[in-house]
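Participant: What would the 3D arrangement of this be:
(one chain, ligands or ions: 1)
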Amino acid sequence: MTEQNQYSEQTSAAEHKRSIRSFVLRQGHMTAAQQRAIDTLWPQFGLDYQPQHVDLNTCFGRDNDKVLEIGFGMGVATVEIAKRLPEKDFLAIDVHGPGVGNLLKLMEEEQAANIRVMRHDAVEVVENMLADGSLGGIHIFFPDPWHKKRHNKRRLVQTPFVAKLLPKLKAGGYIHLATDWEEYAVQMLEVLNGFEELRNSAADYAPTPAYRPETKFEARGKRLGHGVWDLVFVKK
Ligand SMILES: C[S@@+](CC[C@H](N)C(=O)[O-])C[C@H]1O[C@@H](n2cnc3c(N)ncnc32)[C@H](O)[C@@H]1O
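Facilitator: Have a look, this model is predicted:
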């Protein structure tokens, strides 16, 4: 039995709520520029949570591939990817207030209009707001590793959550994960390999795709001497 399967979905949900609460409590200080970006840009680029399906084509004003990013942090990589892939639209979700302000600020500075920002628990958004087959891609870059053994069960990438995510992908869509924590990389590979509807784009770990720049947490991990593992799986 794999480690993540030792826990019932109910236990995982309780642990998940605990991890979200700890993020909200730990969240840093919002700068004046980040707050101003929220005040001025939220009406145009922010998306409020609603417990019913949202039509992403209407939100973005065009019919094209939509990519969900979970946990964008300060949004630096999000904006860079959105600029590198202007033909796609990005739904970027995080619970961290200063990060939301920072992403909106960067969008204004970089004139990146193909992003919509949500400040909410991505698990609830996936469960309630996204229609099946509505996504062309999913990005989860450097999710919190919860490296202490007793906290491993708080990790985002576990079988029950991926089982909820995959129906949202259309056939041919991809899921791209990255981590600087080797033991989490092994868990990610094991979880994704467990889904018959997914095909690994590589033998195991993938070369970093050209669209993904270095993220803030990746740079921090490298300074600490960590390696980096990307995983790209495609839905059959
Ligand atoms: C370690 S940081 C990585 C940030 C960014 N991807 C990077 O590489 O710099 C993980 C981020 O995921 C966010 N996060 C964790 N669980 C989340 C959830 N359930 N819904 C939305 N955001 C979440 C945290 O707030 C945090 O900003």
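Participant: Contacts only, for residue 51.
Facilitator: By CB atoms under 8 Å, 6 or more residues apart in numbering, the contact list for residue 51 reads 124, 128-129. The C-beta positions use only the backbone N, C-alpha and C, and glycine is treated the same way.
Participant: what's the answer for residue 212, then?
Facilitator: Residues in contact with residue 212 (CB under 8 Å, 6+ apart) are 77, 81, 139, 141, 176, 178, 230.
Participant: Name the nearest of the residues you listed relative to the ligand.
Facilitator: Closest approach to the ligand among those (CB to the nearest ligand atom): residue 141, at 4.0 Å.
Participant: list the buried ones in stretch 149-162?
Facilitator: Across stretch 149-162, burial judged by 16 or more other CB atoms under 10 Å covers 152-162.
Participant: ok, the spatially most central residue of the chain to residue 162 distance?
Facilitator: Taking CA atoms, centre = their mean, the centroid of the chain lies closest to residue 70, which sits 1.7 Å from it. Noted for residue 70: a distance of 11 Å to residue 162, by CB to CB, to the nearest Å.
Participant: And for residue 138?
Facilitator: As judged by CB to CB, residue 138 and residue 162 stand 9 Å apart.
Participant: Would you mind grabbing the residues shared as contacts by the two?
Facilitator: Counting by CB under 8 Å, 6+ apart, the common neighbours of residue 138 and residue 162 are residue 175.
Participant: Where do the strands of this structure begin and end?
Facilitator: 66-70, 89-94, 115-119, 135-141, 169-179, 198-200, 229-235 (DSSP state E).
Participant: what about the helices in this protein?
Facilitator: Assigned by DSSP state H, the chain shows helices spanning 9-26, 32-45, 56-60, 76-84, 97-110, 122-128, 159-165, 182-193, 216-223.
Participant: Next, format those helices as JSON lines and append mean pLDDT and distance to residue 236.
Facilitator: Shown next, in JSON lines, are the helices of the chain (pLDDT from 0 to 100; distance: least, CB to CB, whole Å):
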{"stretch": "helix 9-26", "mean pLDDT": "70", "distance to residue 236": "25"}
{"stretch": "helix 32-45", "mean pLDDT": "95", "distance to residue 236": "34"}
{"stretch": "helix 56-60", "mean pLDDT": "97", "distance to residue 236": "22"}
{"stretch": "helix 76-84", "mean pLDDT": "98", "distance to residue 236": "24"}
{"stretch": "helix 97-110", "mean pLDDT": "96", "distance to residue 236": "33"}
{"stretch": "helix 122-128", "mean pLDDT": "97", "distance to residue 236": "20"}
{"stretch": "helix 159-165", "mean pLDDT": "97", "distance to residue 236": "15"}
{"stretch": "helix 182-193", "mean pLDDT": "98", "distance to residue 236": "13"}
{"stretch": "helix 216-223", "mean pLDDT": "89", "distance to residue 236": "29"}
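Participant: Distance to residue 201 for these - can I get that in TSV?
Facilitator: Shown next, in TSV, are the helices of the chain (distance: least, CB to CB, whole Å):
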stretch	distance to residue 201
helix 9-26	27
helix 32-45	31
helix 56-60	24
helix 76-84	17
helix 97-110	27
helix 122-128	22
helix 159-165	16
helix 182-193	11
helix 216-223	20
